[in-house]
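Peer 1: Please find the sequence and the predicted model below.
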Amino acid sequence: MIPYVTDTPDIAIPANLLPRDGRFGSGPSKVRPEAVAALADAANTYLGTSHRQKTVKSVVGSLREGLSQLFSLPDGYEVALGNGGTTCFWDAATFGLIERKSQHLNFGEFSSKFATAAADAPHLDQPEVIASEVGTHPVPVAREDVDLYALTHNETSTGVMMPIARPDGAVLPADGGGLVAVDATSGAGGLRVDPEQFDAYYFAPQKSFASDGGLWFALLSPAAQDRIAAITATRRWVPASMDLTIALDNSKLNQTYNTPALATIFLMENQVAWFNDNGGMEFSAGRCDASSETLYTWADNSDFATPFVTRVQDRSRVVGTIDFDDSIDAATVAAILRANGIVDTEPYRKLGRNQLRIAMFPAVDPEDVASLCACINYVVGAIAP
């Protein structure tokens with residue numbers, strides 16, 4: 001729940017300080033106006049048409065090819081997609097990716113959810129959960145009895161990112177070791193990653209890919225595809241809508257098992273094409289690098305703001321969390337920003353800190369992040385005791 005502020009001070013931020021676009025939400029995130037215009041131009045021949053015909057399937061195919069290019073996927077990797085978003089993929093993974101036992105890193109609200117799904121699944125052994133304090137991240141530990149390591153590239157609730165690498169000493173899946181599955185919901189497209197270090201890298205469209213939610217995408221290694229096929233061969237019961245074999249088979253036909261949101265697919269394809277046309281991952285992640293450098297440099301030099309994440313290397317480049325001195329009410333600052341058209345800077349509702357949370361996904365202009373910092377300074381100067 002967004003903190004409710006009564007009697008918000010009536011403070012008008014000078015127009016010359018305001019960002020050109022005031023959207024800094026961590027999801028749904030800013031959608032580029034150019035993508036919306038492209039959708040409007042294509043609407044009469046694209047929206048309201050069959051998702052099993054060429055008009056839509058060609059966009060799905062372009063999107064899958066674009067993601068393969070963006071992530072430099074090795075031969076044999078597949079891009080799968082399905083309805084329901086990351087939450088549904090966690091459920092699908094408990095049926096179709098975990099054989100018996102998984103290990104989960106828990107360092108925030110979202111990284112805990114997959115662990116909960118695995119723990120509740122009656123056909124699986126109880127998972128191992130390695131937790132750390134919010135604002136930090138734990139490290140996976142190689143285990144002989146673990147057949148899937150569940151990592152999180154970026155914890156959206158806390159603004160912590162972690163490097164993606166197979167656990168030290170872990171046996172590779174090709175030799176009978178565990179798969180590495182990475183929740184990349186807020187990291188994908190904004191943080192660099194080596195595909196050799198994962199077997200399933202899954203995410204949704206509403207963060208770096210500047211679209212709406214309701215779909216999941218998974219970049220699947222040959223080992224992950226083999227695991228899916230092996231579990232299917234055991235005749236483990238799986239609801240059809242969560243069956244990764246069905247999802248993968250349909251994805252190879254550039255379609256989903258059931259009807260997807262066509263506008264979501266179009267906007268995401270447009271965003272991925274924008275990335276690739278301008279230099280791929282170096283372009284998209286580079287924009288996040290520039291924005292985060294601006295934000296954290298400002299906070300480090302501020303006399304009232306401090307980056308919540310202590311270790312510099314753990315500070316997310318896509319979602320920044322900034323604590324405020326107790327003398328400044330961050331909720332009031334967020335409310336004044338909102339009144340001036342700068343929206344969704346409130347902290348994650350369950351974290352309960354006096355802070356702002358600022359998305360710096362690729363669609364966000366780094367210059368707008370600089371403007372936001374200037375606006376915060378102005379507001380704090382106006383309300384400071």
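Peer 2: Perfect, thanks for sending it.
Peer 1: Would you state the strands of the chain in chain order?
Peer 2: 78-83, 102-106, 128-131, 148-152, 154-155, 160-161, 179-183, 200-203, 215-220, 305-307, 319-324, 355-359 (DSSP state E).
Peer 1: Okay, angle between the second one and strand 148-152 too, please.
Peer 2: Interaxial angle of strand 102-106 relative to strand 148-152 (axes from the mean of the first three to the mean of the last three C-alpha atoms, to 10 degrees): 20 degrees.
Peer 1: Sheet-wise, list the partners of strand 102-106 with their directions.
Peer 2: Next to strand 102-106 in the sheet, as set by DSSP bridges, lie strand 128-131 (parallel), strand 148-152 (parallel).
Peer 1: do the first one as well
Peer 2: For strand 78-83, the paired strands and their directions (DSSP bridges) are strand 215-220 (antiparallel).
Peer 1: swap in the fifth one?
Peer 2: Taking DSSP bridges as the criterion, strand 154-155 forms sheet pairs with strand 160-161 (antiparallel).
Peer 1: tell me the mean pLDDT over stretch 78-91?
Peer 2: The average pLDDT for stretch 78-91 rounds to 96.
Peer 1: same question but for stretch 239-249, I mixed them up
Peer 2: Computed over stretch 239-249, the average pLDDT equals 97.
Peer 1: Over to stretch 97-113?
Peer 2: Stretch 97-113 comes out at a mean pLDDT of 94.
Peer 1: And stretch 308-328, by the same measure?
Peer 2: What stretch 308-328 shows for mean pLDDT is 97.
Peer 1: Which positions within that stretch qualify as buried?
Peer 2: 308-309, 314-324, 328 (16 or more other C-beta atoms under 10 Å). In short, each C-beta sits where N, CA and C put it, glycine included.
Peer 1: The strands of the chain: which one's closest to residue 338?
Peer 2: strand 355-359 (11.4 Å; C-beta to C-beta).
Peer 1: where's that closest one relative to the chain centroid, distance-wise?
Peer 2: Its chain's C-alpha centre and that of strand 355-359 lie 15 Å apart, by C-alpha atoms, centre = their mean, to the nearest Å.
Peer 1: Return the list of helices and strands in contact with that strand.
Peer 2: Contact analysis of strand 355-359 by 3 or more C-beta pairs under 8 Å, 6 or more residues apart in numbering; DSSP states H and E lists strand 319-324, helix 330-339, helix 366-383 as its packing neighbours.
Peer 1: for stretch 98-115, how far is the first residue from the last?
Peer 2: 12 Å (C-alpha to C-alpha, to the nearest Å).
Peer 1: And that stretch, how far out from the chain middle?
Peer 2: So, by C-alpha atoms, centre = their mean, the centroid of stretch 98-115 is 16 Å from its chain's centroid.
Peer 1: What of stretch 76-83?
Peer 2: For stretch 76-83, the distance to the chain centre is 16 Å (C-alpha atoms, centre = their mean).
Peer 1: Mind listing what's buried along it?
Peer 2: The neighbour-count criterion (16+ other C-beta under 10 Å) identifies 77-83 as the buried residues of stretch 76-83.
Peer 1: do the same with stretch 272-284
Peer 2: Those buried within stretch 272-284 under the rule 16+ other C-beta under 10 Å are 272-276, 280-281, 284.
Peer 1: And stretch 125-145, by the same measure?
Peer 2: Applying 16+ other C-beta under 10 Å to stretch 125-145 flags 125, 127-132, 134-138, 140, 143 as buried.
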